[in-house]
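Enquirer: the following comprises the amino acid sequence and a computationally predicted model.
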Amino acid sequence: SAVISQKPSRDICQRGTSLTIQCQVDSQVTMMFWYRQQPGQSLTLIATANQGSEATYESGFVIDKFPISRPNLTFSTLTVSNMSPEDSSIYLCSVEVLLNGPGFSTEAFFGQGTRLTVV
Amino acid sequence: AQKVTQAQTEISVVEKEDVTLDCVYETRDTTYYLFWYKQPPSGELVFLIRRNSFDEQNEISGRYSWNFQKSTSSFNFTITASQVVDSAVYFCALSDSDTGKLIFGQGTTLQVKP
């Protein structure tokens, strides 16, 4: 299993500012992801955080708006830049962990999320 | 393209009733994983189950059970004798076997009334 610590858990920010969200995992993981959940909506993948290289962004998300760092196998940050009220969402960090046992089996774990409100 | 459909937007039941949450998926992969997550009002995602595409055995865990049928591309979730604490949004998700990305359904809001 994996324990994910995500900070901050919530924040209220002024429009035009930026917020950096941290995700710390208690073990080394290969795959780390950032998701967004807009109010009343499902989760949408923002990007895959790649260790030592640029993140891989999904359609509709760009690096200038959501810069991501991943300096090692246990840590990643997501920055929400130049925020507007439309960025008010829950942002979640997720990791894929290879489970022990026969065969190739993985499990996806999520941090507790960062609830962002932009005013 | 991969897709997950949870046709039920909201379900309301009375405590102790059984309730089934539907999930239908689309994928061209032969190897994939299916998940169910619970999201209570506090917002965190609680992992419930993961099933790989080669394992069609149904699973029961306490009051929870899951019915995986590849023939109909469905992975339905049943709560037996529902309780007020089961009230939450439930998400079904499909994992890309190569990248690990999760594709989520729109979620079903379950309200269990006392």
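Expert: Sure, I can see it.

Enquirer: near chain A, which residues of chain B show up?
Expert: B:33, B:35, B:37, B:43-45, B:47, B:50, B:52, B:91, B:93, B:95, B:99-107 (C-beta under 8 Å from any C-beta of the partner chain). Where you see a C-beta, it was placed from the backbone N, CA and C, and this is true even at glycine.

Enquirer: what helix or strand is B:Ala81 located in?
Expert: In the assignment (DSSP states H and E), B:Ala81 maps to no helix and no strand.

Enquirer: how about it, nearest residue that isn't a chain neighbour?
Expert: Of all residues not flanking B:Ala81 in the chain, B:Lys16 sits nearest, at 5.2 Å (C-beta to C-beta, 6 or more residues apart in numbering or on different chains).

Enquirer: where does chain A have low pLDDT?
Expert: Counting by pLDDT under 70, chain A shows low-confidence ranges at A:99-105.

Enquirer: so in it, which strand runs the longest?
Expert: Using DSSP state E to define each element, chain A has its longest strand at strand A:89-98.

Enquirer: quick revisit: what about the residue nearest to B:Ala81, how many residues nearby?
Expert: The local packing of B:Lys16 (other C-beta atoms under 10 Å in any protein chain shown) involves 11 other residues.

Enquirer: does it really touch B:Ser82, like I thought?
Expert: Yes. Using C-beta atoms under 8 Å, B:Lys16 is in contact with B:Ser82, at 6.6 Å.

Enquirer: related to what we said a few turns ago, got the contact list for the residue nearest to B:Ala81?
Expert: Counting by C-beta atoms under 8 Å, 6 or more residues apart in numbering or on different chains, B:Lys16 makes contact with B:Ala81, B:Ser82, B:Gln83.

Enquirer: of the residues you listed, just the buried ones, PyMOL syntax please.
Expert: A single PyMOL command selects the buried members of these (16 or more other C-beta atoms under 10 Å in any protein chain shown):
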select buried, chain B and resi 82
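
Enquirer: in a markdown table, list the contacts of B:Lys16 along with distance to A:Ile63 and pLDDT.
Expert: Output for the contacts of B:Lys16, formatted as a markdown table (distance: C-beta to C-beta, whole Å; pLDDT from 0 to 100):
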| residue | distance to A:Ile63 | pLDDT |
| --- | --- | --- |
| B:Ala81 | 49 | 97 |
| B:Ser82 | 44 | 97 |
| B:Gln83 | 45 | 97 |
